[in-house]
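Chemist: Following is a predicted model, sequence given first.
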Amino acid sequence: MALDLPALRAHFPALDSGLAFFDGPGGTQTPRPVAEAIAATMTGPLSNRGSVSVSERNAARAVEEFRAAYADLLHVPADGVVHGRSATQLTYDFSRHLAKQWRPGDEIVVSRLDHDSNVRPWIQAAERAGVTVRHIEIDPLTTELDLDSYERALSPRTRLVAVTAASNVLGTKPPVRRIADRAHEVGALVYVDGVHYAAHHLVDVPALGADLFVCSPYKFLGPHCGVLAAAPRLLAGIRPDKLLPSPDTVPERFEFGTLPYETLAGATAAVDFLAAMDPDTAAPASRRERLARSLDSLHAHERALSARLADGLRALGDAVTVHTRAADRTPTVLMTLEGRDARDAQAHLAAHGVVAPAGSFYAHEAFAALKLPDPALRVGLAPYTTATEVDRLLDGLAGFL
C-alpha cells in the first residue's frame with residue numbers, strides 16, 4: 001500500500017513551520033508520539049532500574065522495551081542490543097574493546113567511503129596497538145567501492161574490516177554481504193556503520209554478514225542516541241573496562257552509567273511509529289512484519305520522489321554537478337554548483353523555506369579521495385517529504401542559479 005502522507009505528516013509538529021526539510025541524512029524531524037513517550041517516561045514516576053517500586057519497574061520496562069524494539073528492527077536477539085550516546089561513541093568504545101586483542105603485525109581494513117566515525121576510531125586504536133591500517137578505495141567514476149583494492153587489502157593477518165552499509169554523502173550502498181564473506185574467510189570481524197542505511201531499509205544484521213552493526217535512531221524519527229547490535233555470544237567474548245560494581249552481563253557490561261530511560265522510550269516509540277506508517281491493518285502481524293510492510297511502502301515513495309528530483313536536477317543543465325552516481329544507493333544526492341559556493345545556495349534555499357545543508361558531513365576520506373569541492377550541497381529524502389517540496393527545492397535552486 002502507499003503511504004498516507006497527509007496522515008503521516010500530521011504527526012510532525014515541525015512541519016507546521018512550513019519549512020521543507022531535506023536534511024534527513026543529518027537527522028530527521030521528530031513525530032509527536034516519540035516526544036510524548038519521552039515526556040511520559042521522564043514524568044514517571046521514574047527511578048533507577050529495580051523491581052520493588054513502580055518507579056523502578058518503569059525504568060526496567062523502558063530498557064526491556066527498547067531492547068525488544070531494536071531486536072525487531074535489526075533482527076538480532078534482544079540481549080544483543082547495546083545502547084550508546086551516539087554511533088560515534090559506540091564505535092570509539094568498541095575500537096578500544098577489540099584492540100585489546102590486537103598485536104603488532106596484525107592488520108585492519110577501513111573504507112574511504114565511510115563517515116569518519118567508522119574510520120578514525122579504528123585508525124587511532126591501530127596506532128596505539130602497533131597494527132597496520134589498509135584501505136578500500138573508491139572508484140571515482142562510479143562512486144562505488146573498488147573491490148579489487150579490498151582484495152589487495154585483505155590478508156590472513158586482517159583482524160577487522162570496518163565498512164559502511166550506505167554512504168552518508170553519496171548514498172552509495174556497498175555489497176556488504178560480499179565484503180563480509182571475504183572478511184570471514186580470513187578470520188576477521190566485520191563492523192558495519194548502518195547509520196544512513198537504517199534510515200531507508202529494514203535491517204537484517206545476520207543477512208548482511210555484520211558481526212557488529214551500529215545505527216542512530218535520530219536518523220529515522222527517534223531521539224539522539226546510538227544502538228549497536230551483535231550476537232550475544234560475540235559480545236560475551238569482548239571484555240570492556242568497567243566499574244567493578246557495574247553489571248558484567250551482556251549487553252549491560254557495555255553501557256556505562258545510568259541509562260537515559262526517557263531516551264530509550266523515545267527510541268522505542270520511533271520503531272513503533274515506523275511499523276505503523278503503512279496503514280494496512282487487515283491482518284495481524286508481528287512488529288517485524290509491520291516494519292517490513294512500512295519500509296516497502298517507504299521505498300516506493302522514495303523511488304518516485306528520487307526520480308522527480310533527478311529529472312529536475314538534469315533540467316538545470318551543466319550548472320549542477322551531481323556526484324551521486326552509484327547504481328545502488330539511498331535517496332541522497334550530493335551536488336556542487338558551477339562557480340558558486342554551496343553555502344550561498346544553502347542560505348538562499350533557507351530564505352525560501354527549504355532546509356538543505358552544505359558541508360562535507362564528516363565524510364573526510366570520501367571528499368579527499370574523490371577531490372570533491374568542500375562544501376557541497378546535500379539533499380536527502382525522508383518519509384514525510386512530498387513531491388511539492390521536491391519542486392520547491394528545484395525552484396529554489398533554479399532561482400539561485
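Modeler: In hand now; what should we look at? Numbering: from 1, shown residues only.

Chemist: and the longest helix seen in the chain, what's its mean pLDDT?
Modeler: Identified as the longest helix of the chain according to DSSP state H is helix 287-315. Helix 287-315 shows a mean pLDDT of 96.

Chemist: Output the contacting helices and strands for that helix.
Modeler: Judged by 3 or more Cβ pairs under 8 Å, 6 or more residues apart in numbering; DSSP states H and E, helix 287-315 is in contact with helix 54-74, helix 261-275, strand 320-322, strand 332-337, helix 387-400. (Each C-beta comes from the backbone N, C-alpha and C, glycine too.)

Chemist: switch the cut-off to 6 Å
Modeler: Contacts defined by 3 or more Cβ pairs under 6 Å, 6 or more residues apart in numbering; DSSP states H and E place helix 287-315 against helix 261-275, helix 387-400.

Chemist: Tabulate the CA atom coordinates of the first one in CSV.
Modeler: Output of helix 261-275 as CSV, limited to C-alpha atoms (Å, rounded to 0.1, in the frame of the first residue of the first chain):
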residue,chain,number,x,y,z
TYR,A,261,15.3,5.8,30.3
GLU,A,262,13.4,8.6,28.6
THR,A,263,15.6,8.4,25.5
LEU,A,264,15.2,4.7,25.4
ALA,A,265,11.4,5.1,25.5
GLY,A,266,11.6,7.7,22.6
ALA,A,267,13.8,5.3,20.6
THR,A,268,11.2,2.5,21.1
ALA,A,269,8.4,4.8,20.1
ALA,A,270,10.3,5.6,16.8
VAL,A,271,10.3,1.9,15.9
ASP,A,272,6.6,1.6,16.7
PHE,A,273,6.0,4.7,14.5
LEU,A,274,7.9,3.2,11.6
ALA,A,275,5.9,0.0,12.0
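
Chemist: hang on, the earlier thing: so which bits of the longest helix of the chain are buried?
Modeler: If you call a residue buried by 16 or more other Cβ atoms under 10 Å, then helix 287-315 has these buried ones: 287, 290-295, 297-298, 301-302, 305-306, 309, 312-313.

Chemist: cool, stretch 186-196 as well?
Modeler: Result for stretch 186-196 [16+ other Cβ under 10 Å]: buried residues 188-196.

Chemist: Can I get that stretch as PDB, trimmed to CA atoms?
Modeler: The C-alpha coordinates for stretch 186-196 follow below in PDB (Å, rounded to 0.1, in the frame of the first residue of the first chain):
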ATOM      1  CA  VAL A 186      40.400 -14.700   6.600                       C
ATOM      2  CA  GLY A 187      39.000 -14.800  10.100                       C
ATOM      3  CA  ALA A 188      38.300 -11.100  10.500                       C
ATOM      4  CA  LEU A 189      35.400  -9.400  12.300                       C
ATOM      5  CA  VAL A 190      33.100  -7.100  10.300                       C
ATOM      6  CA  TYR A 191      32.000  -3.800  11.800                       C
ATOM      7  CA  VAL A 192      29.200  -2.100   9.800                       C
ATOM      8  CA  ASP A 193      28.200   1.500  10.100                       C
ATOM      9  CA  GLY A 194      24.400   1.400   9.300                       C
ATOM     10  CA  VAL A 195      23.600   4.900  10.400                       C
ATOM     11  CA  HIS A 196      22.500   6.100   6.900                       C
END
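
Chemist: Show me what the mean pLDDT comes to for it.
Modeler: Averaging pLDDT along stretch 186-196 gives 98.

Chemist: ok, back up a step: quick one: the buried residues of stretch 186-196 as TSV, columns for secondary structure too.
Modeler: Converted to TSV, these look like this (DSSP: H, G, I helix; E, B strand; the rest coil):
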residue	secondary structure
A188	coil
L189	strand
V190	strand
Y191	strand
V192	strand
D193	strand
G194	coil
V195	coil
H196	coil
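
Chemist: measure R340 to V322 for me?
Modeler: Distance, R340 to V322, by Cβ to Cβ, to the nearest Å: 15 Å.

Chemist: Ignore what I typed, I meant D79.
Modeler: Separation of D79 from V322 (Cβ to Cβ) stands at 44 Å.

Chemist: now swap in R32 and tell me
Modeler: In terms of Cβ to Cβ, R32 sits 35 Å off from V322.

Chemist: Assign a three-state SS to A162, would you?
Modeler: Per three-state DSSP, A162 ends up strand.

Chemist: same check, this time on the one 5 residues further on
Modeler: Each residue gets one of three states, and S167 gets coil by three-state DSSP.

Chemist: Could you say which of the helices and strands packed on helix 287-315 is packed most deeply?
Modeler: Mean neighbours per residue, mean count of other Cβ atoms under 10 Å, is largest over these for helix 261-275, with a mean of 25.

Chemist: how long is stretch 198-210 end to end?
Modeler: With Cα to Cα, to the nearest Å as the measure, stretch 198-210 spans 13 Å from end to end.

Chemist: now it: how far from the chain's centre is it?
Modeler: In terms of Cα atoms, centre = their mean, to the nearest Å, the gap separating the centre of stretch 198-210 from the centre of its chain is 11 Å.

Chemist: List the buried residues for it?
Modeler: With burial defined by 16+ other Cβ under 10 Å, the residues of stretch 198-210 counted as buried are 198-205, 208-210.

Chemist: which residues touch that stretch?
Modeler: 74-76, 176-177, 180-181, 190, 192, 213, 215, 219-220, 229, 291-292, 295, 330 (Cβ atoms under 6 Å, 6 or more residues apart in numbering).

Chemist: mind redoing it with 8 Å?
Modeler: 24-25, 28, 73-76, 165-166, 176-177, 179-181, 184, 190-192, 194, 197, 213, 215-216, 219-220, 229-230, 291-292, 295, 298-299, 302, 330-331, 382 (Cβ atoms under 8 Å, 6 or more residues apart in numbering).
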